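Enquirer: mind folding the following:
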Amino acid sequence: MQGGALTLARAVEYTVAALAGQGRQPDVLLVSDMVHLPALLGLARRALAGVPVVLYLHETQLTFPRRDQAAASGGGAAGADLTYAMTNWLSMAAADRVVFNSEYHRRVWFGSLPAFLARFPDQRHTALAAEVEARSSVLPVGIDLARFAAADRGAGPEPDPGPPTVLWNHRWEHDKDPDAFADAVEAVAARGVDFRLLLAGHRFRAIPDALVRLRRGPAAGRIAHDGSAPDGAYPALLARADVVVSTARHEFFGVAVAEAIAAGALPLLPHRLAYPELVPTPDPYLYGSPAELVDRLCRALTDHPGRRRAADAARHHIQRFAWPVVAPRYDELFASIAAG
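Expert: Model (predicted):
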């Protein structure tokens, strides 16, 4: 987000020059939130003169929870580094169209923006916020769900021998709250419910406390997978899951959950963030408290026909995010911007 614009500007200039040699020019420039758009447009101003710009926001940094839990709610905790939030805002102001990956993401950004702008001593540009919001829209992430396609599991006998499996496939970081997941798993184990654990998701050099607890606590003997899975093996790992759980405190979309749902897992998700947009109805997929998560998880692990029916309904719902469904919407947006 700091220096990438310089690298991209050179690539843009090279590409535009090659197109010019064919008597062509770019129709639209599409950039993500990881680009400092005003810097890119300034550095490549000769190549991009007149080219309309679409900014796609998969993440923004205004409301990202800090590790110390002093979340940047309403414009940031005192002393928080606002550089990246300002980069997001400047990029939005520079773009012709702004696209968010979920309605939740769009709502929370514009809901927090006034307080963020009010932090500055002058020239707050608060009127510009309404203009940017007016030219914003929502387009979900396109996902290659065919990789994870699962057959209808129906309500018949359990298709696989052994106890049902619970999947964690999120980053082991504070914003995904793995400690809350470990709490729930230990509580379910204490009730004597039989299950197995699939522990995936990106890890960092330091082993998180939640993973240590799961490896050493009452659920240790239930771990059937612990570690990463190569791209080719990842769909097969997800296909083994009966339930996928999230305890996230931050999620603007939820690609990992969507992939697990497509593979046939029943999602148990917090009733907040972007998760309501991933499931057909709140019940039985969304929970409101840690105690409710434990209750729903126990029910999902013991009511096999009910779990499979609910998982199948969620799998059909999640197909709205498959690329064959989403891609035409992107095409329509780009064509309208190029024509306008």
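Enquirer: near residue 259, how many other residues are there?
Expert: 22 (other Cβ atoms under 10 Å). (C-beta placed from N, C-alpha, C; glycine too.)
Enquirer: who's in contact with it?
Expert: 143, 145, 147-148, 169, 238 (Cβ atoms under 8 Å, 6 or more residues apart in numbering).
Enquirer: distance of it from residue 318?
Expert: 9 Å (Cβ to Cβ, to the nearest Å).
Enquirer: who touches both of these two?
Expert: In contact with both residue 259 and residue 318: residue 145, using Cβ under 8 Å, 6+ apart.
Enquirer: just the buried ones from the contacts of residue 259?
Expert: The neighbour count (16 or more other Cβ atoms under 10 Å) marks 143, 145, 148, 169, 238 as buried among the contacts of residue 259.
Enquirer: among those residues, which are in strands?
Expert: Among the buried ones among the contacts of residue 259, no member falls in strands (DSSP state E).
Enquirer: in CSV, list those residues along with distance to residue 4 and pLDDT.
Expert: As requested, those are exported to CSV (distance: Cβ to Cβ, whole Å; pLDDT from 0 to 100):
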residue, distance to residue 4, pLDDT
143, 25, 96
145, 29, 94
148, 31, 93
169, 28, 97
238, 32, 96
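Enquirer: that older thread, just the contacts of residue 259 now: which is nearest residue 322?
Expert: Nearest to residue 322, judged by Cβ to Cβ, of the contacts of residue 259 is residue 145 at 4.3 Å.
Enquirer: helix/strand/coil for residue 26?
Expert: The three-state assignment at residue 26 reads coil, by DSSP: H, G, I helix; E, B strand; the rest coil.
Enquirer: my read: it touches residue 16, true?
Expert: Yes. The pair residue 26 / residue 16 is scored as a contact, 6.3 Å apart, by Cβ atoms under 8 Å.
Enquirer: need the overlap of contacts for the two.
Expert: In contact with both residue 26 and residue 16: residue 48, using Cβ under 8 Å, 6+ apart.
Enquirer: between those two, point out the one with more neighbours.
Expert: Neighbour comparison, residue 26 and residue 16: the larger count goes to residue 16, with 20 against 17 (by other Cβ under 10 Å).
Enquirer: apart from its chain neighbours, what residue comes closest to that one?
Expert: residue 47 (4.0 Å; Cβ to Cβ, 6 or more residues apart in numbering).
Enquirer: now do residue 58
Expert: residue 101 (5.1 Å).
Enquirer: in the strand or helix carrying residue 235, what's buried?
Expert: Element membership for residue 235 (DSSP states H and E) is helix 234-239. By 16+ other Cβ under 10 Å, the buried positions in helix 234-239 come out as 234-235, 237-239.
Enquirer: in the protein, which spans are strands?
Expert: Using DSSP E, strands in the chain cover 29-32, 53-57, 97-100, 136-138, 165-168, 196-199, 223-226, 243-245, 266-270, 286-287.
Enquirer: is it possible to get TSV of the ones you listed that adds distance to residue 304 and mean neighbour count?
Expert: Output for the strands of the chain, formatted as TSV (distance: least, Cβ to Cβ, whole Å; neighbours: other Cβ atoms under 10 Å):
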stretch	distance to residue 304	mean neighbour count
strand 29-32	41	18
strand 53-57	40	21
strand 97-100	38	22
strand 136-138	36	16
strand 165-168	12	26
strand 196-199	14	22
strand 223-226	18	14
strand 243-245	11	25
strand 266-270	11	27
strand 286-287	20	22
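Enquirer: can the ones you listed go into TSV with extra columns for distance to residue 323 and mean pLDDT?
Expert: Shown next, in TSV, are the strands of the chain (distance: least, Cβ to Cβ, whole Å; pLDDT from 0 to 100):
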stretch	distance to residue 323	mean pLDDT
strand 29-32	16	97
strand 53-57	15	98
strand 97-100	16	98
strand 136-138	17	98
strand 165-168	23	98
strand 196-199	26	98
strand 223-226	28	96
strand 243-245	21	98
strand 266-270	20	98
strand 286-287	26	98
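Enquirer: so can I have CSV of those strands showing distance to residue 330?
Expert: Output for those, formatted as CSV (distance: least, Cβ to Cβ, whole Å):
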stretch, distance to residue 330
strand 29-32, 9
strand 53-57, 9
strand 97-100, 9
strand 136-138, 11
strand 165-168, 29
strand 196-199, 33
strand 223-226, 35
strand 243-245, 27
strand 266-270, 25
strand 286-287, 28
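Enquirer: which one, of those strands, ends up nearest to residue 307?
Expert: Among the strands of the chain, if distance is taken as Cβ to Cβ, the winner is strand 266-270, at 5.1 Å.
Enquirer: partners of that closest one, with directions?
Expert: strand 243-245 (parallel), strand 286-287 (parallel) (DSSP bridges).
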